[in-house]
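Novice: just the structure for this:
(one chain, ligands or ions: 1)
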Amino acid sequence: MSYITARQWQTFDSQGYLRLGKPGSDAMVCAMRRRIDEIMLGEADLDYDRMLMQLDSSDGSYDAAGAQTRGHKGRTLNYRKIQLLERDPIFLEYMQLPVFAEAASHFYGDKPVAAFRAMFMNKPAGRGTFLPLHQDRWRALDRDPRLTIYTALDAANEENGCMEIIPGTQHRLLNPDHPSGFLTAEMARDYDHHPRRAPLVLEAGEAVLMHPWMLHGSGVNRSDRPRRAFSVCLMDAETMSLRYKRLASRSIIFGEGAME
Ligand SMILES: O=C(O)CCC(=O)C(=O)O
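Specialist: The predicted structure follows:
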């Protein structure tokens, strides 16, 4: 059985993203929401010293967000980002759904596929960190990951800081000199007013496949509810970190040696 049709892949190729509907059950999405809150509150049974955790910005600006380092940083729901969630069984189970295996094999065939920055992205209620439009691109990798899976854990709209995207911008790397795909100030000004810029309004549990180079960013949360999301980049497991001269990730999600 095939989950994603050839026509849907054409949409992905031309737009840079594809809406998948709700691949996980309501119970699964609810379990991820509960789990991430437990992790933030320091109540989860996992090795916090291995998790990358970043507190939300105090004033909404990107530069004022906390340091992105290992370890718990206090019992609060005001985290911006938490990475290495493939180490959590609930998030791992979600990432390994058959529809995502099929999506991964579309790009990587039957080669093992690893998770790169399996992360929680949060806009806590009434706050959040502005994220400028950018492409996801890591110069420190010896090859580019080709797929991101983005899942809304809460309904996301303009009021609570949903992602904004510019479909069709995935064909070209805009600022190849930047280590992680951010735009120059001049480019950012131009793209801010791009006619195809649009909010990616999602229901809770909705997942989107994204080309990592499609321009995306997000604002702050003006509502009294959190806007939680889970985003994982899937890459060829042989991808090397040029900085550390070793595999970029040992977290194999699909194929030989996959985590259980
Ligand atoms: O959730 C967001 O606001 C942004 C997420 C993002 O940049 C990503 O998943 O690459």
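Novice: close to the ligand: what parts of the stretch 1-150 of the chain are there?
Specialist: By C-beta under 6 Å from any ligand atom, the residues of the stretch 1-150 of the chain that approach the ligand are Met121, Leu131, Asp136, Thr148, Tyr150. (Each C-beta comes from the backbone N, C-alpha and C, glycine too.)
Novice: on the three-state scheme, the first one is what?
Specialist: In other words, Met121. strand (DSSP: H, G, I helix; E, B strand; the rest coil).
Novice: give the rounded mean pLDDT of stretch 55-72.
Specialist: Per-residue pLDDT values over stretch 55-72 give a mean of 94.
Novice: can you check stretch 126-143 too?
Specialist: Average pLDDT, stretch 126-143: 97.
Novice: mind listing what's buried along it?
Specialist: For stretch 126-143, the neighbour count (16 or more other C-beta atoms under 10 Å) marks Arg127, Gly128, Thr129, Phe130, Leu131, Leu133, His134, Gln135, Asp136, Arg137, Trp138, Leu141 as buried.
Novice: looking at those, spot the one nearest Leu209.
Specialist: The closest of those to Leu209 turns out to be Asp136 (C-beta to C-beta; 13.1 Å).
Novice: wasn't the closest one part of a strand?
Specialist: No: assessed by three-state DSSP, Asp136 does not belong to a strand; its assignment is coil.
Novice: which helix or strand lies directly C-terminal to the lowest-mean-pLDDT helix or strand in the chain?
Specialist: Lowest by mean pLDDT, DSSP states H and E among the helices and strands of the chain is helix 185-192, with a mean of 93. Remark: after helix 185-192, the chain's next helix or strand is strand 198-199, criterion DSSP states H and E.
Novice: what residues of stretch 86-97 count as buried?
Specialist: Buried-residue list, stretch 86-97, by 16+ other C-beta under 10 Å: Glu86, Arg87, Asp88, Ile90, Phe91, Leu92, Tyr94, Met95, Gln96, Leu97.
Novice: give me the three-state assignment for the fourth one.
Specialist: In other words, Ile90. What three-state DSSP gives for Ile90 is helix.
Novice: got a list of what the closest residue to it other than its chain neighbours touches?
Specialist: In space, Ile90 comes closest to Arg35 once its chain neighbours are excluded; the distance is 4.7 Å by C-beta to C-beta, 6 or more residues apart in numbering. Arg35 makes contact with Ala44, Asp88, Ile90, Phe91 under the criterion C-beta atoms under 8 Å, 6 or more residues apart in numbering.
Novice: the residues you listed: which two are farthest apart?
Specialist: Based on C-beta to C-beta, the longest span within the contacts of Arg35 runs between Ala44 and Phe91 and measures 11.1 Å.
Novice: my read: Arg87 touches Leu46, true?
Specialist: Yes: counting by C-beta atoms under 8 Å, Arg87 does reach Leu46; the two are 6.4 Å apart.
Novice: show the contacting residues for the nearest residue to Pro167 once chain neighbours are set aside.
Specialist: Distances taken as C-beta to C-beta, 6+ apart place Gln15 nearest to Pro167, at 4.2 Å, with adjacent residues excluded. Gln15 sits next to Pro167, Gly168, Met214 when contact means C-beta under 8 Å, 6+ apart.
Novice: helix or strand for Leu18, which one?
Specialist: strand 17-21.
Novice: may I have that strand as CSV, with CA atoms only?
Specialist: C-alpha atoms of strand 17-21 as CSV (Å, rounded to 0.1, in the frame of the first residue of the first chain):
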residue,chain,number,x,y,z
TYR,A,17,6.0,21.2,1.0
LEU,A,18,3.1,18.7,1.2
ARG,A,19,0.3,18.5,3.7
LEU,A,20,-0.1,14.9,4.9
GLY,A,21,-3.3,15.2,7.0
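Novice: show me what that strand is packed against.
Specialist: Applying 3 or more C-beta pairs under 8 Å, 6 or more residues apart in numbering; DSSP states H and E, we find strand 17-21 packed against helix 6-15, strand 207-210.
Novice: pLDDT added to the contacts of Arg35, as CSV?
Specialist: Formatted as CSV, the contacts of Arg35 follow (pLDDT from 0 to 100):
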residue, pLDDT
Ala44, 96
Asp88, 96
Ile90, 97
Phe91, 98
